[in-house]
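Engineer: Return a 3D structure for these sequence lines:
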Amino acid sequence: MAMRALVYGSFGGIEALHIGEASVPEIADDEVLIRVCAGSINPFDWKLRRGLLRDFFAVKFPITAGRDGCGSIVSLGTSVVQEGGASLRPGQRVSFVSSRLQHGALAEFVAVKARGSVVPAAENMSDEQCAALPLVGVSAWNAIVETADVQAGMKVLIHGGSGGVGGLAIQLARHLGAEVYATCSAAKTGAVEDLGATAIPYDKVDFTDAVSGCDVVLDTIGGEVHEKSYTVLKKGGRLVYLIARPFNDRSGDFDVQTRQVIVSGRTESLHQVMALAGKGRLVPTISKILPLAEFRDAFRSAESGSAGGKVVLEISGGASVNS
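Structural biologist: Prediction:
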């Protein structure tokens, strides 16, 4: 059977992407087949396509873009069993993180490992919100809860507060009872403060003059921002970071801890994120929702770094697969 998919056959810019025809993936025993209704764009997508991650991931072309999304289950592999207290079943609306590097979420159908990658979607959220949440939600959860171990009363600084991960990290830290500060552009201060943080506009204020004595800094940027962040931590504090621009580790000079965030594929993390979303405690920030046909505009916005939230693509025509 054939389907539409957003694919690329070599490393390159946005011009390498095109909507092509691909085979509907056959599922392994531990996978589910999902009819995709919406998929989101993450930095991983364009970094992989540009070849920036070739030293870390072995790729085989063609590649279908996209790492997470929302859709409905079509079929289950023979060994798929009850996971996390919620049975997966045909017709069920789910959020997922793509588990195959070559076959991503921006296609009419995707095969995904049931364990660690698929959970029932939050009933109170739209398809687009449920598509935008999984990867950034798990990243924020792994950063704030599992790596930084944020507790009530802590002072936390989050860099990139208007981004996909940063916005959810603010909400998680606030949910845990922390005092939260976040850097963002001056144009995004209102949106960041609405999430519960004290905004620090980096284009007007040096964050080192605006905050000090932090228990935790979450760095989503790297480079000079990372190195300056040591100065706003108190002794024994934690600088946790997602892979970004290279930096010099100066934790020893400041008597603080540096911890890299490892984004896990554990079902428990995805369930926790979706459970909080179901209670209205976590809401992904979406800057644009576009049809799949406008994928070039979507990727330009996402890659510009100024989107101020997730860009989501609507995947249409899933019912028109031909045999």
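Engineer: and the gap between Ala293 and Gly190?
Structural biologist: Using Cβ to Cβ, to the nearest Å, one obtains 32 Å as the distance from Ala293 to Gly190. Glycine gets a C-beta too; all of them are placed from N, C-alpha and C.
Engineer: What of Gly309?
Structural biologist: Counting by Cβ to Cβ - Gly309 and Gly190 are separated by 13 Å.
Engineer: Next: Leu76.
Structural biologist: For Leu76, the distance to Gly190 - Cβ to Cβ - is 45 Å.
Engineer: Those two: who's more crowded?
Structural biologist: A direct count of neighbours by other Cβ atoms under 10 Å for Leu76 and Gly190 places Leu76 higher, at 20 against 11.
Engineer: Return the residues in contact with the more buried one.
Structural biologist: Neighbour list for Leu76: 27, 32-33, 88-90, 114 [criterion: Cβ atoms under 8 Å, 6 or more residues apart in numbering].
Engineer: Next: Ala293.
Structural biologist: Ile19.
Engineer: Can you classify it by secondary structure?
Structural biologist: helix (DSSP: H, G, I helix; E, B strand; the rest coil).
Engineer: one step back: among the contacts of Leu76, which lie within helices?
Structural biologist: Among these, no member falls in helices (DSSP state H).
Engineer: Can I get the buried part of these as one ChimeraX selection?
Structural biologist: Selection of buried members from the contacts of Leu76 for ChimeraX, criterion 16 or more other Cβ atoms under 10 Å:
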select :27,32,33,88,114
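Engineer: Other residues contacting stretch 197-211?
Structural biologist: Outside stretch 197-211, the residues that touch it by Cβ under 8 Å, 6+ apart are 155, 157-159, 161, 170, 174, 180-186, 188-190, 192-193, 228, 231-232.
Engineer: Mark which of the residues you listed are buried, thanks.
Structural biologist: Neighbour counting with 16+ other Cβ under 10 Å marks 155, 157-159, 161, 170, 174, 180-185, 188-189, 192, 228, 232 as buried within the contacts of stretch 197-211.
Engineer: quick one: strands adjacent to the longest strand anywhere in the chain?
Structural biologist: Longest strand in the chain by number of residues, with DSSP state E as the criterion: strand 31-41. Strand 31-41 has its sheet partners listed here by DSSP bridges as strand 68-76 (antiparallel), strand 109-113 (antiparallel), strand 310-314 (antiparallel).
Engineer: Name the residues of the very next helix or strand once past the second one that come out as buried.
Structural biologist: Using DSSP states H and E, the next helix or strand after strand 109-113 towards the C-terminus is strand 118-120. Within strand 118-120, the residues that qualify as buried by neighbour count (16+ other Cβ under 10 Å) are 118-120.
Engineer: Which of those sits closest to Ile14?
Structural biologist: Distance to Ile14, by Cβ to Cβ, is smallest for Val118 among those, at 29.1 Å.
Engineer: Contacts only, for that closest one.
Structural biologist: 32, 34, 73, 83, 88, 94-96, 112.
Engineer: Excluding residues flanking it in the chain, which one is nearest the most centrally placed residue in the chain?
Structural biologist: Centroid-nearest residue in the chain: Val136, 2.3 Å away (criterion: Cα atoms, centre = their mean). Spatial nearest neighbour of Val136, chain neighbours left out: Gly164 (3.9 Å); criterion: Cβ to Cβ, 6 or more residues apart in numbering.
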